[in-house]
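Colleague: Can you look at this prediction? I've put the sequence above it.
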Protein chains: 2
Amino acid sequence: MVSGHTYRYPRPALTVDVALFGWAGDALQVLLVQRDKAPFDGSWALPGGFVQVDEDLEAAALRELNEKTHVHDVFLEQLYTFGAPGRDPRDRVVSVAYFALVRPASHPPRADAYTRDAGWFDVADLPELAFDHGEILRVARDRLRGKVRWAPIGFELLPPAFTLGQLQRLYEAILGRPLDKRNFRKKLLSLGLLTDLHRHESGVPHRPSRLYAFDRDRYDAMSADGLVFEL
Amino acid sequence: MVSGHTYRYPRPALTVDVALFGWAGDALQVLLVQRDKAPFDGSWALPGGFVQVDEDLEAAALRELNEKTHVHDVFLEQLYTFGAPGRDPRDRVVSVAYFALVRPASHPPRADAYTRDAGWFDVADLPELAFDHGEILRVARDRLRGKVRWAPIGFELLPPAFTLGQLQRLYEAILGRPLDKRNFRKKLLSLGLLTDLHRHESGVPHRPSRLYAFDRDRYDAMSADGLVFEL
DNA sequence: GCAAAAGTGTTGAAGGTACACCCATGT
DNA sequence: ACATGGGTGTACCTTCAACACTTTTGC
């Protein structure tokens, strides 16, 4: 795979950037890294970097994520490609943005050689971001908001065993509006995609809640038969 | 905007490819070009080409489209970015695919220096396509099928004045299933987005149909108020 | 007058929304 | 005992799906 005579023109550079969302129990968060180089030295940005010449795009996104967090399990999908000529002040850089979700447990961010620091930020209270990463994040939030009603991706943000209350708070945060408790529970249970674990929370200062798990096998079987999730 | 010391690594090449759909009155069509160079010399492919180093991605897509058709009015949006390492046998090429719709009238395709021929093909009866363009087209058709129910993009394929019968046949072709005539008309008229032009077809061997126009201003106003189109 | 598509309402089923009280636990 | 979230059912209304006949034109 050598560049032949066909491609003799100057090429834009190609990067991936990842909008990684997490759920802190009461607020939606995003992972940001603090840049340690010009341009935007000191600014916060989405984790990302250059795509290697023989590397798959999704693999590049996962690699970048791995360099910034200890990821166990991520849901990752392509979001959009940002390529406005002025988006990087130095050079023409086209970025394929990815959208990712992680479960809360133990994803301590760490800085790498190119970043001064890394950390989780509430989406409701973000610093100014480098490049067009504010715009990328807006698109990612729109995608999350739109998609969570059609696909069972909310579960990617919760631990394997969760309560209906946790699930409802998550949906309310993503959708930005309150949901009726009885209707929410009725709807979700009627889908038949939650397994009752017959266990309860403990140590809470109120009636302990039942714990449920999302039944992915059943979802896969049902969606093969043409079901839609639709909350 | 000169490549500095920061970007010293080999870069993937970057192209755009466009899945342009048209409506022939009874069948959905796609514009294809016949390649006149290796690889895939003689194969049919989506129109597309290299992104210039200071060119916006969407501008590149429009330029490529212009070089292959006489486009008056296109609906164009980004579809997905395809970047599997082996998708071009010669070199690493990442392609940002676009999805486009045109009204039928007078878009005669023409070949250019890189193409032997260009023409419209029924989506139901396509040749084998070059590269991964068959896959791109599948994704584009999925997008069209999914989006036509949520956004008023079907009108982009019809002339400014159309009949409800034409509109229904278009929806049936895109969705791939028959729709109930009375329910379809009821639903569309109840949205309040069709202007009755108080004109009728003529020269047809049956009762002439009323002509309607899509009221885009009204749609914009309504969607600013948070309406969803939802057919 | 015949062929072909246009045009038009009603009914039953399903799903969505609104709404208020008792329960189990920790402190 | 009190504070806190967990858990439950009904009634109304809106929306969707199914369904058949008359009208207007060209030939």
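Modeller: Yes, it's here. Residues are numbered from 1 along each chain as shown, chains lettered A, B, ... in the order given.
Colleague: Against which helices or strands is the worst-scoring helix or strand of chain A on mean pLDDT packed?
Modeller: Least confident helix or strand of chain A, by mean pLDDT, DSSP states H and E, is strand A:115-122 with a mean of 91. Helices and strands touching strand A:115-122, by 3 or more Cβ pairs under 8 Å, 6 or more residues apart in numbering or on different chains; DSSP states H and E, are strand A:28-35. Where you see a C-beta, it was placed from the backbone N, CA and C, and this is true even at glycine.
Colleague: buried set for stretch A:23-31?
Modeller: A:Trp23, A:Leu28, A:Gln29, A:Val30, A:Leu31 (16 or more other Cβ atoms under 10 Å in any protein chain shown).
Colleague: quick one: contacts of stretch A:140-160?
Modeller: Here stretch A:140-160 makes contact (Cβ atoms under 8 Å, 6 or more residues apart in numbering or on different chains) with A:19, A:21-23, A:74-75, A:79, A:97, A:99, A:101-105, A:123, A:162, A:166-167, A:170-171, A:174-176, A:193, A:213-214, A:216, A:219, A:228-231.
Colleague: Tell me the residues on chain A that lie near DNA strand C, please.
Modeller: Chain A comes close to DNA strand C at residues A:180-183, A:186-187, A:200, A:202-208, A:230, as judged by Cβ under 7 Å from any atom of the strand.
Colleague: Now, of these, which are buried?
Modeller: By neighbour count, with 16+ other Cβ under 10 Å, the residues of chain A next to DNA strand C hold no buried member.
Colleague: Among these, which are located in strands?
Modeller: Among those, the members found in strands (DSSP state E) are A:His200.
Colleague: quick one: strands adjacent to the one helix or strand A:Val16 maps to?
Modeller: If you go by DSSP states H and E, A:Val16 is part of strand A:13-23. Sheet pairing of strand A:13-23 (DSSP bridges) gives strand A:28-35 (antiparallel), strand A:48-50 (antiparallel), strand A:93-102 (parallel).
Colleague: State which helix of chain A is the longest.
Modeller: helix A:133-147 (DSSP state H).
Colleague: What average pLDDT does the helix or strand following that helix get?
Modeller: Using DSSP H and E, the helix or strand that follows helix A:133-147 in sequence is helix A:164-175. For helix A:164-175, mean pLDDT is 98.
Colleague: List the buried residues for helix A:164-175?
Modeller: A:Leu164, A:Gln166, A:Leu167, A:Gln168, A:Arg169, A:Leu170, A:Tyr171, A:Ala173, A:Ile174.
Colleague: do the same with stretch A:30-38
Modeller: Quick answer for stretch A:30-38 (16+ other Cβ under 10 Å): A:Val30, A:Leu31, A:Leu32, A:Val33, A:Gln34, A:Arg35.
Colleague: Could you do stretch A:67-78 as well?
Modeller: A:Glu67, A:Lys68, A:Thr69, A:Val74, A:Phe75, A:Leu76, A:Gln78.
Colleague: what about the helix or strand encompassing the fifth one, distance to the chain center?
Modeller: What it means is A:Phe75. Element membership of A:Phe75, judged by DSSP H and E, is strand A:74-82. In terms of Cα atoms, centre = their mean, to the nearest Å, the centre of strand A:74-82 is found 8 Å from the chain centre.
Colleague: swap in stretch A:22-29?
Modeller: For stretch A:22-29, the separation from the chain centroid amounts to 11 Å (computed by Cα atoms, centre = their mean).
Colleague: if we can go back for a sec, and for the least confident helix or strand of chain A, what's in contact with it?
Modeller: By Cβ under 8 Å, 6+ apart, strand A:115-122 touches A:22, A:24, A:27-36, A:42, A:44, A:47, A:68-69, A:109-111, A:127.
Colleague: let's see 10 Å
Modeller: A:20-22, A:24, A:26-37, A:41-42, A:44-45, A:47, A:67-69, A:104, A:107-112, A:127, A:129 (Cβ atoms under 10 Å, 6 or more residues apart in numbering or on different chains).
Colleague: re the thing from before, which stretch among the strands paired with strand A:13-23 comes nearest DNA strand D?
Modeller: strand A:28-35 (18.3 Å; Cβ to the nearest atom of the strand).
Colleague: Tell me what angle that closest one forms with helix A:164-175.
Modeller: When axes from the mean of the first three to the mean of the last three Cα atoms, to 10 degrees is applied, the directions of strand A:28-35 and helix A:164-175 differ by 60 degrees.
Colleague: Next SSE downstream of strand A:28-35?
Modeller: Strand A:28-35 is succeeded, C-terminally, by strand A:44-45 (DSSP H and E).
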